[in-house]
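A.B. asks: Pasting the sequence and the predicted coordinates here, then a few questions.
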Amino acid sequence: REIARRAVAAGLRALPTMGEIYPVGGAGDRLGLTDEVTGESLPAALLPYCGRSMLAGLMRDVQAREYLYFKLTGRQVTIPVAIMTSDAKGNHARILALLEEANWFGRGREAFKLFRQPLVPVLGVDDGRWLLSQQMKPGGHGAIWKLMHDEGVFDWLEQRGCQAALIRQISNPMAGMDTTLLSLAGSGASRRAALGFMSCDRHVGAAEGVNVLQERRGYKGGSW
């Protein structure tokens, strides 16, 4: 408990120098989400959860941490949010419309940076051939680092005083429960870590991927 308390405290202290990154450009095909009126396929970011979209839920988490910081310090901070969209299922246009309809969640347009994930052709399951005639899909979250560099997102975050950032998975609202995000941010900030992640055990048969760590034993011991 003491370790967790210290991590939360460090996360709160680091809040003014933190940004948020949301990769929400995925097609989310496994969810089967469609517009009730038009029947069009919808991206995962628009999935209703507890009476609001998944993206609105992430913004609610951000505002809760900002408000906690204000109550404890008397200082108001606005965490900059970078959002990776795509053109799959009209994702970019729908995300932009949601933000505009919500009046940018009271944060102002300048608090957001949208950038588009590239679309790539898919492979056939039977023969592994490129299906160039089929609809292309978002290229995966691994493209985010180079894309952020090329689109000036890192520079944008740095200009707003960010020294680190949290990356949120759009389909995992439970990660925002309790002090989880503050603890993760605090653990990284206190160590000045280059990268860290938090995950849970995978359920057998689940459609989600898994995190894999490779241990490489050096001359003076093991390292991850």
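C.D. replies: Now that the structure is in, tell me what you want to look at.
A.B. asks: Under the pLDDT cut-off, which ranges of the chain? List them.
C.D. replies: 27-32, 39, 133-134, 207-209, 217-224 (pLDDT under 70).
A.B. asks: And the helices in this structure?
C.D. replies: 2-14, 54-73, 91-101, 144-150, 153-159, 180-191 (DSSP state H).
A.B. asks: These: which one's closest to residue 80?
C.D. replies: Relative to residue 80, the nearest member of the helices of the chain by CB to CB is helix 153-159, separated by 6.1 Å. Quick note: C-beta positions are derived from backbone N, CA and C, even for glycine.
A.B. asks: where's that closest one relative to the chain centroid, distance-wise?
C.D. replies: On the basis of CA atoms, centre = their mean, to the nearest Å, helix 153-159 sits 16 Å off its chain's mean C-alpha point.
A.B. asks: what does stretch 57-74 give?
C.D. replies: Stretch 57-74 sits 17 Å away from the centroid of its parent chain (CA atoms, centre = their mean).
A.B. asks: now what about that stretch, what contacts it?
C.D. replies: Applying CB atoms under 8 Å, 6 or more residues apart in numbering, the set of residues contacting stretch 57-74 from outside is 12, 15-16, 20, 22, 49-50, 52, 75-79, 81, 102, 105, 168, 170, 173, 176, 181-182.
A.B. asks: swap in stretch 1-21?
C.D. replies: With CB under 8 Å, 6+ apart, stretch 1-21 has contacts from 58, 62, 65-66, 68-69, 72, 75, 77, 79-84, 144, 148, 157, 160-168, 179, 181-187, 189-190.
A.B. asks: Buried members of these into ChimeraX, please.
C.D. replies: Buried residues among the contacts of stretch 1-21 (16 or more other CB atoms under 10 Å), as a ChimeraX selection:
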select :58,62,65,66,69,79,80,81,82,83,84,144,148,157,162,164,165,166,168,179,181,182,183,184,185,186,187,189
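A.B. asks: quick one: residue 128 and residue 122, what's the gap?
C.D. replies: Using CB to CB, to the nearest Å, residue 128 is found at 11 Å from residue 122.
A.B. asks: Between those two, which has more neighbouring residues?
C.D. replies: residue 122 (13 against 7; other CB atoms under 10 Å).
A.B. asks: Run a quick check on that one versus residue 137, I expect a contact.
C.D. replies: Yes: the criterion here is CB atoms under 8 Å, and residue 122 meets it with residue 137 at 5.4 Å.
A.B. asks: so of the helices of the chain, which one's packed in deepest?
C.D. replies: Ranked by mean neighbour count, those are led by helix 180-191 with a mean of 19 (mean count of other CB atoms under 10 Å).
A.B. asks: That one: how far from the chain's middle?
C.D. replies: With CA atoms, centre = their mean, you get 16 Å for helix 180-191.
A.B. asks: Ok, stretch 140-158 next?
C.D. replies: On CA atoms, centre = their mean, the centre of stretch 140-158 falls 13 Å from the chain's centre.
A.B. asks: With only the CA atoms kept, save it in CSV.
C.D. replies: The C-alpha atoms that make up stretch 140-158 are tabulated as CSV, following Å, rounded to 0.1, in the frame of the first residue of the first chain:
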residue,chain,number,x,y,z
GLY,A,140,-2.0,-1.2,-36.4
HIS,A,141,-0.9,0.8,-33.3
GLY,A,142,2.7,0.1,-34.0
ALA,A,143,2.7,2.9,-36.6
ILE,A,144,1.9,5.5,-34.0
TRP,A,145,5.6,6.4,-33.1
LYS,A,146,6.8,7.2,-36.6
LEU,A,147,3.5,8.9,-37.4
MET,A,148,3.7,11.1,-34.3
HIS,A,149,7.2,12.1,-35.4
ASP,A,150,6.3,12.8,-39.0
GLU,A,151,3.1,14.7,-38.0
GLY,A,152,4.9,16.9,-35.4
VAL,A,153,2.9,15.5,-32.5
PHE,A,154,5.9,15.1,-30.3
ASP,A,155,6.8,18.7,-31.0
TRP,A,156,3.3,19.7,-30.2
LEU,A,157,3.4,18.0,-26.8
GLU,A,158,6.8,19.4,-26.0
